[in-house]
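what's the 3D shape of this:
(chains A and B)
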Amino acid sequence: MSGTRTTARRRLTRLYALTLAGTLVWLGAIILAPVLRDAGPGVSAVFYACFAPVCHQDPDRSFALLGRPLAVCARCFGIYAGFLGGMILYSFRRGFETVRLPRTRNFVCLSIPIGLDAAANVLGLWNTPNLPRFFLGFAWGAILPFYFLTALGELSLGGLAIPAAKK
Amino acid sequence: MWVPVLVGGTAAGVLSGIPWVNCLCCLWILGGSALAVQIYAKDRSAPTSPGDGAVIGAFAGVVAAAVNTMMNVVFQSANLAFLRRVIERLSANMDNFPPEWQDWINREPGPISIAQLVISLAFSAAVFAALGALGGVLGAALFGKRPAGGHPPGPVPPLPGPPESS
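So this is what the prediction gives:
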């Protein structure tokens, strides 16, 4: 039993570390895109091109670093930064003993503000400044690791026969 | 499983490739993957676990990447025109606008090479698969049937604690 427990904790910890590393690389690339401009336009252009499939990269809706826009817009940057924040929160809230989906109502509550804001902007009802976009994205992004890691953990632990607790 | 994957992935790829419509960024990938899981779960009596949702969503993301790459080829001119407008707005707001970017605005686009297509497809597939897995998990949480008792499907039970000392 202790061997199974140790194996499960090790697998969950490894999955968490890999996901955290990937998140840091992703965020680092977003920030490096404008920074690497001085290293050569080709290098910077590759970084911007990497994020083109997932973001409109409108400079008016992006934060700037060194006078140049980040590789993604403020909302997307908020989502990815929120994902990192959620990863940190996950380690305290869930730990590495078990995996469990969050309550659906929590997801719905965090999705409503960003959904309404995005719809209102698309419909032209209002134009949200970048900072509120970032925070709305951050709030929504923070809950996503609780889903992502739960799925990875379930796939990883599926083959383990976890014995029933002794009465 | 493949029909829901193809339906959800195609929807996501098409919507994320249409100029202006693709301004909602990765939302289409998440939505398409969730749709794939919803279709998959609809005709199954057993609950769809988060792991199942992630696998279905990842495959839907790969399909979306392939469709999106083809859409980019079809809409190359429209996308370039949109990108030019973005860069022109950028040049109006930046003090030190790189001259090579100004040259890029003025040049005519050439045909996309096979190498560019392959690299673009490979990278998109990896990114869209990750986003699709996340969308699939969300789909399983929202649309996966609950077992009796109302609890979400597929939670791994907590590990047993240490045996009590007598």
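
spatially, what comes nearest to residue 121 if we skip its sequence neighbours?
Just so you know, I chose chain A. If you skip the residues right next to it in sequence, A:Asn121 has A:Thr128 as its closest partner in space, 5.8 Å away by C-beta to C-beta, 6 or more residues apart in numbering or on different chains. Backbone N, C-alpha and C define where each C-beta goes, glycine included.

try again with chain B
The shortest distance from B:Leu121 to any non-neighbouring residue, by C-beta to C-beta, 6+ apart, is to B:Thr69 (4.7 Å).

and the one you found, what helix or strand is that in?
Assessed by DSSP states H and E, B:Thr69 sits inside helix B:50-74.

mind giving me the packing neighbours of that helix?
Packing partners of helix B:50-74 (3 or more C-beta pairs under 8 Å, 6 or more residues apart in numbering or on different chains; DSSP states H and E): helix A:130-157, helix B:2-15, helix B:27-42, helix B:114-143.

how about the ones you listed in a markdown table, adding mean pLDDT and distance to B:Gly61?
Shown next, in a markdown table, are the helices and strands packed on helix B:50-74 (pLDDT from 0 to 100; distance: least, C-beta to C-beta, whole Å):
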| stretch | mean pLDDT | distance to B:Gly61 |
| --- | --- | --- |
| helix A:130-157 | 92 | 13 |
| helix B:2-15 | 90 | 7 |
| helix B:27-42 | 91 | 6 |
| helix B:114-143 | 87 | 2 |
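
so for A:Leu36, which of those sits nearest?
Across the helices and strands packed on helix B:50-74, A:Leu36 has its closest neighbour in helix B:114-143 (17.6 Å, C-beta to C-beta).

relative orientation of the closest one and helix B:2-15 in degrees?
Taking axes from the mean of the first three to the mean of the last three C-alpha atoms, to 10 degrees, one finds that helix B:114-143 is oriented at 120 degrees with respect to helix B:2-15.

next secondary structure element downstream of the helix or strand of chain A with the lowest mean pLDDT?
Using mean pLDDT, DSSP states H and E, helix A:41-51 stands out as the lowest-scoring helix or strand of chain A, at a mean of 80. Beyond helix A:41-51 in the direction of the C-terminus, DSSP H and E gives the next helix or strand as strand A:64-65.

give me the sheet partners of that next one and which way each runs.
For strand A:64-65, the pairing partners within the sheet under DSSP bridges are strand A:68-69 (antiparallel).

how about the residue nearest to A:Asn121, secondary structure?
Following DSSP: H, G, I helix; E, B strand; the rest coil, the label given to A:Thr128 is coil.

chain center to stretch A:65-82: distance?
Using C-alpha atoms, centre = their mean, to the nearest Å, the distance from the centre of stretch A:65-82 to the centre of the chain it belongs to is 13 Å.

what's the first-to-last distance across it?
Across its full length, stretch A:65-82 reaches 19 Å between end residues, using C-alpha to C-alpha, to the nearest Å.
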